[in-house]
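**Q** task: produce atomic coordinates for the following.
(one chain, ligands or ions: 1)
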Amino acid sequence: MDILSVRRLAGAELDKIEQGIRPSGFYHQKAVRLKSACMAIESNGGLETVFSLPMHKLYSLLINIKGIGRETADSIILYGAGKPTFVVDNYTWRILSRAYGRENEYDYQSLKKELEGNTTRSARLYMEMHAQFVELGKRYCTKSNPNCVDCPLSRICAYRKNTSSKSR
Ligand code: SF4
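**A** Okay, here's the model as predicted:
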């Protein structure tokens with residue numbers, strides 16, 4: 001199946017796309033959305049043109065495509081276009097809201113703004129940070145029963161401080 005380009009996916013039959021992504025689950029819905037995203041990119045001049053747009057215009061184009069939310073739009077901008085925008089995924093949100101002692105206070109935009117305001121705007125740095133948050137979230141800061149004892153953030157984490165003082 002030789003349809004691995006935005007242009008070809010935009011013109012491909014849905015069942016052909018479905019065949020290619022079947023193992024990923026929800027393949028019908030994903031095929032529809034993938035095709036419509038590729039069509040939107042093509043109708044705006046193609047991938048190269050779209051990726052060369054200023055970041056706010058690229059974000060606005062992506063977020064208006066059905067099926068693309070904030071995290072996906074930011075992921076495409078960071079990893080696809082190589083532009084410096086921070087991706088706030090569930091791991092990042094959980095780790096930082098616990099570490100800052102602000103669980104349930106942050107929303108996507110406020111956490112993103114805080115991160116970007118306190119770091120050098122660099123795509124490479126944001127990719128590295130994102131990877132580190134994912135790893136830390138998987139290894140230590142799990143949804144239930146975080147392993148705070150072994151976590152590298154334990155000395156500065158508000159959640160850790162609160163839970164260890166309560167257990168004394
Ligand atoms: S110390 Fe605990 S709550 Fe804090 S970031 Fe690490 S695992 Fe998460």
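**Q** show me where the chain has its helices.
**A** Taking DSSP state H, the helices of the chain run over residues 6-11, 14-21, 27-43, 47-51, 55-63, 70-75, 90-99, 108-117, 123-139, 158-166.
**Q** turn those into JSON lines, columns for distance to the ligand.
**A** For every residue, glycine as well, the C-beta is placed using N, CA and C. Formatted as JSON lines, the helices of the chain follow (distance: least, C-beta to the nearest ligand atom, whole Å):
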{"stretch": "helix 6-11", "distance to the ligand": "38"}
{"stretch": "helix 14-21", "distance to the ligand": "34"}
{"stretch": "helix 27-43", "distance to the ligand": "32"}
{"stretch": "helix 47-51", "distance to the ligand": "34"}
{"stretch": "helix 55-63", "distance to the ligand": "29"}
{"stretch": "helix 70-75", "distance to the ligand": "20"}
{"stretch": "helix 90-99", "distance to the ligand": "4"}
{"stretch": "helix 108-117", "distance to the ligand": "14"}
{"stretch": "helix 123-139", "distance to the ligand": "7"}
{"stretch": "helix 158-166", "distance to the ligand": "4"}
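**Q** dump those helices to a markdown table, plus distance to P152 and mean neighbour count.
**A** Listed next are the helices of the chain as a markdown table, based on distance: least, C-beta to C-beta, whole Å; neighbours: other C-beta atoms under 10 Å:
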| stretch | distance to P152 | mean neighbour count |
| --- | --- | --- |
| helix 6-11 | 39 | 16 |
| helix 14-21 | 36 | 15 |
| helix 27-43 | 36 | 17 |
| helix 47-51 | 35 | 15 |
| helix 55-63 | 31 | 16 |
| helix 70-75 | 24 | 18 |
| helix 90-99 | 11 | 19 |
| helix 108-117 | 18 | 14 |
| helix 123-139 | 7 | 15 |
| helix 158-166 | 11 | 14 |
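**Q** could these go into TSV alongside mean pLDDT?
**A** Formatted as TSV, the helices of the chain follow (pLDDT from 0 to 100):
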stretch	mean pLDDT
helix 6-11	95
helix 14-21	94
helix 27-43	95
helix 47-51	96
helix 55-63	97
helix 70-75	96
helix 90-99	94
helix 108-117	91
helix 123-139	97
helix 158-166	85
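**Q** cool, thanks, signing off.
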